[in-house]
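K.L.:
Predicted model and sequence follow; I will ask about them next.
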Amino acid sequence: MTTQSESLNSQPSTLNFPLSEFLQQLLNGLSLGAIYALIALGYTMVYGVLRFINFAHSDVFMVGSFIGYYAGKHVPERTYWGGLLVLVVAMLGCALLGMLIERLCYRRLRGSATLNVLITAIGVSLLLEYSGQVFFGATPRTFPDIFPSTNFAFGSLVISSNQILVIVVATLLMVALQLIVYRTKIGTAMRAVSLNPKAAQLVGVNNDIVISFTFGLGSALAAAGGILYAINYPSIDPLMGVMPGLKAFVAAVLGGIGNIPGAALGGLLLGTVETFVNGSQWSTYKDAIAFAILIGILLFRPAGLLGKFTVEKV
Amino acid sequence: MTSPLAPRRLIRGAVLLSVFALVARAAGPIKLGEVASLTGKEAAFGQQAHRGIQMAIDEVNARGGVLGRPLALVSEDNQSKPGDSATIAKKLLSREKVVALLCTGTSSNCLEVAPLAQSARIPLIGTTATAPEVTEKRDYVFRSCFIDPFQGAVLAKFATSTLEAKRVALLTSVSASYSVGLSKVFREKFAALGGEISADQKYSEGDKDFRAQLTAIKAAKVDAIAVTGFYTEAALICKQARDLGLTIPIFGGDGWEAPELIEIGGTAVNGTYYASHYSSESTAPEVSEFVKKYRARFNGDTPDSMAPLAYDATFIIAEAITRAGSTEGPKLRDALAATKNFPGVTGRTTIDPQRNASKPAVMLAVKNGKATYVATIEP
C-alpha cells in the first residue's frame, strides 16, 4: 500500500491525489454515510406507509444516543457484549418512543390534510429537542467508550475499529430490514399498506398495528444510528440530531423517498461526497456542494435515484 | 428628550428625581448584569467565569460594598446560542437597569452585546472576548484580557521556537469570529518567522466529523497542527487525529481552555499546547491566594483562566465605581478608561486608549490529563 501511494505521489498524476488519501477519504465517507443511511431508512419507511415526513425522526436519533449514554454507565466499558447490550436497549427504548409518538400525535390526525400532520411532526420535533434541554441539560456530554477500540494501519491508511463497526452494524441492520420487509408476514402487510391502505384493510390487514410497527422499526434504526454516531463523535447534546437528520432526509429524497435500498444508497453517496469536499480546499462550501449535487440529481431524476415517478391523481 | 419641558417642571422633576435617587441609594443594591453561556456548547467558559464573578461580588460586599451599597449580580444564560446574547442584554439594560455589563465567554457573544451597551451608554467589559473588533469604535466597550493579534503572535512564536515547526497545518472554525481572527494573525506572523502553512483547512461550529480535513492534513506531511477554535471541536479533532495515526503536536489559543478538553479528548489531548491568560501553578501570591479561595468554595476544583479574568473584571468595575463616585454610565465609563496598573490575579491590568487590557500570555501543555505551565510570553 505504502509503495503504491508513494509511486503515485512521485509521479505527476493528473489528479494530484495519492491513492492512500483517496482510500482513507472513501472509508471516512462510507462510515459517515452508513449512519446517514440508517436514519434515512426511518424517513423513507414512514413516508412509504403514511406519505408524510416525520420530522421528529432526527430527535428520536438524539434520544437514542442519550439512552446509550445512560445505559453505557451500567455496563463495563470497552466490551463487545456491553456495547451490543447498550445498542439493543437504545433500539428498544426508541422503538417504544416512536410508537408512542405515532399513537399520541399522528394517529388521530390520520386522514386529515398532510400539512396538518407535517406541522405536528415539526411540533413533536421541537418538543423533543427542548424537553431534552430540560431533562438532559444543554451542556454537551461525553459519550462513554462502550466498544473496544483499536486502529489498524495499512501503510498510511488507518482504519479504526469503530469505523468498521459502523459499517458492519449498519450493513447487518439493512440486510435484516430487507428480510423483514420482503420475507415476513408483517413486512408483506407493510408493503400492502404502502401500496393501498384501504385495499389492505379490506383484505384483513390491521393498519394500526402495521403503522405502529413501521414507526417502531424506523425509530430502532435511528437509535442504532445515534449510538454509532456517538461512538465515532463522542460529544452528544439535545440538538445533535438537527444536522444529521437534515442530511438523512436529503439522502432519502436523493435515493427516492419511499424506497428502502434508495435511502441506503442516498446516505452512502451523501456521506462520501461530503467527506471528499470537506477534505478539499472548498471545505467551507461542503454543505452547499452536497446540496447542489442533490439539486442536480433531482433535475434529471425527479423521483430520486431509485424512485419510480408516479403521477399524482388530483 | 427634556427640551419640551418648561423650566419649572424641569426643576420639580429634578427635585423629585433626586429624592428618588436618595431613597434608592439608601436602599437598593448596585446591579451588575452578566451575559453568560451557563449551559450549552460553551458552558465550561460561562460556568467558570460565573464562579469568579460571584466570588468577587461576595468579597466586595463583605468589605461593605461600593459607595455604601451592596453589589448585586443579575445573571442571564444565552445557552451558547447565537442571537440569545442580544436578547438577554436588552432585558438586562431595559428591565433590570444594570449599571454595567459583564460579558463572559466568546467574542461572538460580546459582539452581540457591544452595540446595545454602546447605545444605552452603559459600560461593558468582555472578560475573555479577544477579537479586536469587539471594542473598536465603541467607547463604552472594554475588555480585561489580551487581544487576538497578540495571541496569534504568541502562537507563531511558540510554534517556531518551542515546537521548531517549519510546516504547520491550520484548522479554522469559519463560523467563529474568534477563530477566523486568530488564524489570520497566525498566518501572517508564522510566515514572517519563516514558517509555511502547508494545509489550510476549515470547519464550522458544531461539526463532529473532521476526518476528511485531517486526512488531507496527513497527506501534507506537516510538523504540527494549529486549531484556532474552541474546546469541544478541538477535543474531537485531537481524538480523530490520533485515530488517523497523526502523533504530531496540536496547539491552539485560549478557546481550548476548559476541563471538557481533557474529558472529551481523553488521552488524545496529551502532547497538545494552548495559550492562556494565567497558570494556576504560578507562585505569585495573588494567584495562590485566589486558587486557595476558589478550591475551598467549589469542592476543590482548580480554576482555569476564565474564573480569574471574570474575578478581576468585577473588581475593576467595583474600583471604577468608587473612583467615579457614581453609577452613572458616562462617569463610570471615564473611570474605567482611566484604570491603570490594577493589581489582579491575572497580572497588572492597564486599560489602553483602545480600551484593551495589555498583559502577558502563558503557554500550557497537556500532560497525563493535566495542564502544566510551559512559558510566559510578554506583550
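P.N.:
Thanks, I have it.
K.L.:
Give me the neighbour count for residue A:153.
P.N.:
12 (other CB atoms under 10 Å in any protein chain shown). Any C-beta I mention is one placed from the backbone N, CA and C, and that applies to glycine too.
K.L.:
Can you classify it as helix, strand or coil?
P.N.:
Three-state assignment for residue A:153 (DSSP: H, G, I helix; E, B strand; the rest coil): strand.
K.L.:
ok, now how distant is it from chain B?
P.N.:
6 Å (CB to the nearest CB, to the nearest Å).
K.L.:
Pretty sure that residue sits against residue B:245.
P.N.:
Yes. With contact defined as CB atoms under 8 Å, residue A:153 and residue B:245 form a contacting pair (5.9 Å).
K.L.:
How about the residues of the stretch 151-300 of chain A by chain B?
P.N.:
Residues of the stretch 151-300 of chain A lying close to chain B by CB under 8 Å from any CB of the partner chain are A:151, A:153, A:156, A:158, A:160, A:162, A:229, A:232-235, A:237, A:240, A:243, A:274-281, A:283-284.
K.L.:
Who are the contact partners of residue B:308?
P.N.:
B:52, B:277, B:278, B:287, B:290, B:344, B:345, B:346 (CB atoms under 8 Å, 6 or more residues apart in numbering or on different chains).
K.L.:
Give me the spatial nearest neighbour of it, chain neighbours excluded.
P.N.:
residue B:345 (3.9 Å; CB to CB, 6 or more residues apart in numbering or on different chains).
K.L.:
pretty sure that neighbour is touching residue B:288, no?
P.N.:
No. Here residue B:345 does not reach residue B:288: they are 9.8 Å apart, not a contact under CB under 8 Å.
K.L.:
ok, those two, which is more surrounded?
P.N.:
residue B:345 (26 against 14).
K.L.:
What are the phi and psi values at residue B:73?
P.N.:
Here is the backbone geometry of residue B:73 (degrees, to the nearest 10): phi -100, psi 130.
K.L.:
Repeat that for residue A:306.
P.N.:
Dihedral angles for residue A:306 - degrees, to the nearest 10 - are phi -110, psi 0.
K.L.:
hang on, isn't it packed against residue A:255?
P.N.:
Yes. Assessed by CB under 8 Å, residue A:306 is found in contact with residue A:255 at 5.6 Å.
K.L.:
So which residues of chain B form helices?
P.N.:
B:7-27, B:43-62, B:84-94, B:107-120, B:148-161, B:177-192, B:211-219, B:231-243, B:259-265, B:285-297, B:306-324, B:329-337 (DSSP state H).
K.L.:
now swap in the stretch 151-300 of chain A and tell me
P.N.:
Using DSSP state H, counting those that start in this stretch, the helices of the stretch 151-300 of chain A run over residues A:161-183, A:185-195, A:197-202, A:207-232, A:242-255, A:260-278, A:286-300.
K.L.:
could you dump these to a markdown table with mean pLDDT and mean neighbour count?
P.N.:
Converted to a markdown table, the helices of the stretch 151-300 of chain A look like this (pLDDT from 0 to 100; neighbours: other CB atoms under 10 Å in any protein chain shown):
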| stretch | mean pLDDT | mean neighbour count |
| --- | --- | --- |
| helix A:161-183 | 92 | 17 |
| helix A:185-195 | 93 | 17 |
| helix A:197-202 | 92 | 14 |
| helix A:207-232 | 95 | 26 |
| helix A:242-255 | 92 | 25 |
| helix A:260-278 | 92 | 25 |
| helix A:286-300 | 85 | 15 |
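K.L.:
Tell me how many other residues crowd residue B:321.
P.N.:
The burial count for residue B:321: 27, using other CB under 10 Å.
K.L.:
Any residue of stretch B:364-379 touching chain A?
P.N.:
No. Shown here: stretch B:364-379 not in contact with chain A (CB under 8 Å from any CB), separated by at least 13.3 Å.
K.L.:
so how far is that stretch from its chain's centroid?
P.N.:
18 Å (CA atoms, centre = their mean, to the nearest Å).
K.L.:
Just the C-alphas of that stretch, formatted as CSV.
P.N.:
Coordinates of the C-alpha atoms in stretch B:364-379 are reproduced here as CSV (Å, rounded to 0.1, in the frame of the first residue of the first chain):
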residue,chain,number,x,y,z
LEU,B,364,0.3,25.5,28.8
ALA,B,365,0.9,21.9,27.8
VAL,B,366,-1.4,18.9,28.4
LYS,B,367,0.5,16.1,30.1
ASN,B,368,-1.1,13.0,31.5
GLY,B,369,-4.5,14.6,31.5
LYS,B,370,-3.3,17.8,33.3
ALA,B,371,-2.5,21.3,32.0
THR,B,372,1.1,22.2,33.0
TYR,B,373,2.9,25.5,32.7
VAL,B,374,5.4,25.9,29.8
ALA,B,375,6.3,29.5,29.3
THR,B,376,5.2,33.1,29.8
ILE,B,377,5.3,35.4,26.7
GLU,B,378,5.3,39.2,27.3
PRO,B,379,3.5,41.7,25.1
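K.L.:
Which residues in that stretch does the neighbour count mark as buried?
P.N.:
Under the neighbour-count criterion of 16 or more other CB atoms under 10 Å in any protein chain shown, stretch B:364-379 has B:364, B:365, B:366, B:371, B:374, B:375, B:377 buried.
K.L.:
ok, those vs chain A, which is closest?
P.N.:
residue B:366 (16.0 Å; CB to the nearest CB).
K.L.:
how far away is that closest one from residue B:42?
P.N.:
19 Å (CB to CB, to the nearest Å).
K.L.:
Could you do residue A:188 as well?
P.N.:
Distance from residue A:188 to residue B:42, by CB to CB: 51 Å.
K.L.:
swap in residue B:35?
P.N.:
12 Å.
K.L.:
In contact with residue B:213, which residues?
P.N.:
Counting by CB under 8 Å, 6+ apart, residue B:213 has contacts A:278, A:279, A:283, B:171, B:201, B:202, B:203.
K.L.:
now the helices of chain B in TSV, with mean pLDDT?
P.N.:
Converted to TSV, the helices of chain B look like this (pLDDT from 0 to 100):
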stretch	mean pLDDT
helix B:7-27	55
helix B:43-62	92
helix B:84-94	93
helix B:107-120	92
helix B:148-161	92
helix B:177-192	94
helix B:211-219	93
helix B:231-243	93
helix B:259-265	89
helix B:285-297	91
helix B:306-324	93
helix B:329-337	93
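K.L.:
how about those in CSV, adding distance to residue A:297?
P.N.:
CSV is the format used below for the helices of chain B (distance: least, CB to CB, whole Å):
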stretch, distance to residue A:297
helix B:7-27, 67
helix B:43-62, 40
helix B:84-94, 37
helix B:107-120, 36
helix B:148-161, 42
helix B:177-192, 33
helix B:211-219, 21
helix B:231-243, 29
helix B:259-265, 36
helix B:285-297, 57
helix B:306-324, 47
helix B:329-337, 58
